[in-house]
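J.: Quick one: sequence plus predicted model below, questions after.
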Amino acid sequence: MKTINLETDTPLVSIIMAAYNAADFIAEAIESVLNQTYKNIELIIVNDGSKDGTEQIVKNYLPSNKVKYLSQENAGQTVAKNNGIKNASGNIIGFCDADDYWHAEKLEKQLSILFSDEKIGVVYSDIQAINQHGEKIKLTEKLNGKQGNLLDDLLFDNFIPFGSAIFRIECINEHGGFNESYRMGIDWDLWLRFSTSWKFGFSTEKLYFYREWEGQMSRNYNGRYTGALIILENFKNRYPSYIPQKTYRKAVSDIYANYAYHISLYEGYNQRLFKYSIKALMTGFTRIETIRRVARALLRRF
């Protein structure tokens, strides 16, 4: 792998923006990418069958030689993002969701970390949450900012904000892109695979602005945790030497515990709460974090 010196080299960065009915926010997202202080970029916008004015807004930016526009029938974010990757020309890949936006120095700051060590494949950053109106809001949990070899940590927690991350194209070449059979957790699956051969870097600065709004997919806890069990099992089958059976059982137990916690949070006491609490206890209930989460679920202390 060629060593990159940012003082003399300017590798092309491909930023992929999947968009579905994003007319309300996409202009802000596009401009945040085009206005980066690091200039050697291409923005690939994939319109996933939008029915609103998304296409009309995007066309305003097509005179720029930095913008590529792809349109597809509605097939979901996973297909749209893979479509973007297939059409990317850059050595580095990044993503910006069409309802979020980037800090102007995001690429400049993260590239310096990425190329400080040839073993770093992914660099993510802290984020700033905003509401529908663009006002800053506090996140419910603080980002831990772990760096280095993160597989053991990622098995228990997908703590990497997806849009904040950039990564080398070699990660995709080695491990493939997004698994289109998954509806949720596609980023966690990607980070797990990448972490088998690459280190992760982290920027403490809030370089990604993440918009939280009612009803978004990330609040679908039923889909999130049933999907996580499938992702984890498939990862174990593909990379058996990277996850011992004892660790796998602990990770499954942790998913059940988190599922029980969210059932308690949103549904209260019911049969499903006790079902998944018992599953957590019987599967591999030895991590103190898992024990605390089940206790909080059963005691309804949030």
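T.: The structure has been received and is ready for your questions. Numbers count the residues shown, from 1 in each chain.

J.: where do the strands sit along the stretch 1-150 of the chain?
T.: If DSSP state E, counting those that start in this stretch is used as the criterion, the strands of the stretch 1-150 of the chain fall at 13-19, 41-48, 67-72, 92-95, 101-102, 120-130, 136-137.

J.: Save the ones you listed as a markdown table, and put in distance to residue 170 too.
T.: From N, CA and C alone the C-beta is placed, and that goes for glycine too. Rendered in a markdown table, the data for the strands of the stretch 1-150 of the chain read as follows (distance: least, C-beta to C-beta, whole Å):
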| stretch | distance to residue 170 |
| --- | --- |
| strand 13-19 | 14 |
| strand 41-48 | 18 |
| strand 67-72 | 22 |
| strand 92-95 | 10 |
| strand 101-102 | 23 |
| strand 120-130 | 7 |
| strand 136-137 | 36 |
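
J.: between those, which gets nearest to residue 231?
T.: Distances from residue 231 to each of these were compared using C-beta to C-beta; the minimum, 17.6 Å, belongs to strand 120-130.

J.: picking that back up, let me know which of the strands of the stretch 1-150 of the chain is the nearest to residue 290.
T.: Distance to residue 290, taken as C-beta to C-beta, is lowest for strand 120-130 among the strands of the stretch 1-150 of the chain, at 24.4 Å.

J.: so how far is the closest one off the chain centroid?
T.: Averaging C-alpha coordinates over strand 120-130 and over its chain gives two centres that are 9 Å apart (C-alpha atoms, centre = their mean, to the nearest Å).

J.: average pLDDT for that strand?
T.: For strand 120-130, mean pLDDT is 96.

J.: Check stretch 133-141 too.
T.: Confidence for stretch 133-141, expressed as mean pLDDT, is 83.

J.: From one end of that stretch to the other, what's the distance?
T.: For stretch 133-141, the separation between the terminal residues is 21 Å (C-alpha to C-alpha, to the nearest Å).

J.: try stretch 15-29
T.: Using C-alpha to C-alpha, the span of stretch 15-29 from its first residue to its last is 11 Å.

J.: Okay, buried residues for that stretch please.
T.: Applying a neighbour-count criterion of 16 or more other C-beta atoms under 10 Å, one finds 15-23, 25-29 buried in stretch 15-29.

J.: Ok, stretch 138-152 next?
T.: Of the residues in stretch 138-152, 143, 146, 150, 151 count as buried by neighbour count, 16+ other C-beta under 10 Å.

J.: give the contact list for the residue nearest in space to the middle of the chain.
T.: In the chain, the centroid-proximal residue (C-alpha atoms, centre = their mean) is residue 162; its distance is 2.2 Å. Contacts were defined as C-beta atoms under 8 Å, 6 or more residues apart in numbering; by that measure residue 162 touches 95, 97, 187.

J.: out of those residues, who's nearest residue 203?
T.: Closest approach between the contacts of residue 162 and residue 203, by C-beta to C-beta: residue 95, at 15.8 Å.

J.: contacting residues around the closest one?
T.: Contacts for residue 95 (C-beta under 8 Å, 6+ apart) come out as 15, 16, 17, 18, 81, 162, 163, 165.

J.: Pipe the residues you listed into TSV and attach pLDDT and distance to residue 263 per row.
T.: Below are the contacts of residue 95 laid out as TSV (pLDDT from 0 to 100; distance: C-beta to C-beta, whole Å):
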residue	pLDDT	distance to residue 263
15	98	37
16	98	34
17	98	34
18	97	30
81	98	30
162	95	25
163	96	28
165	98	30
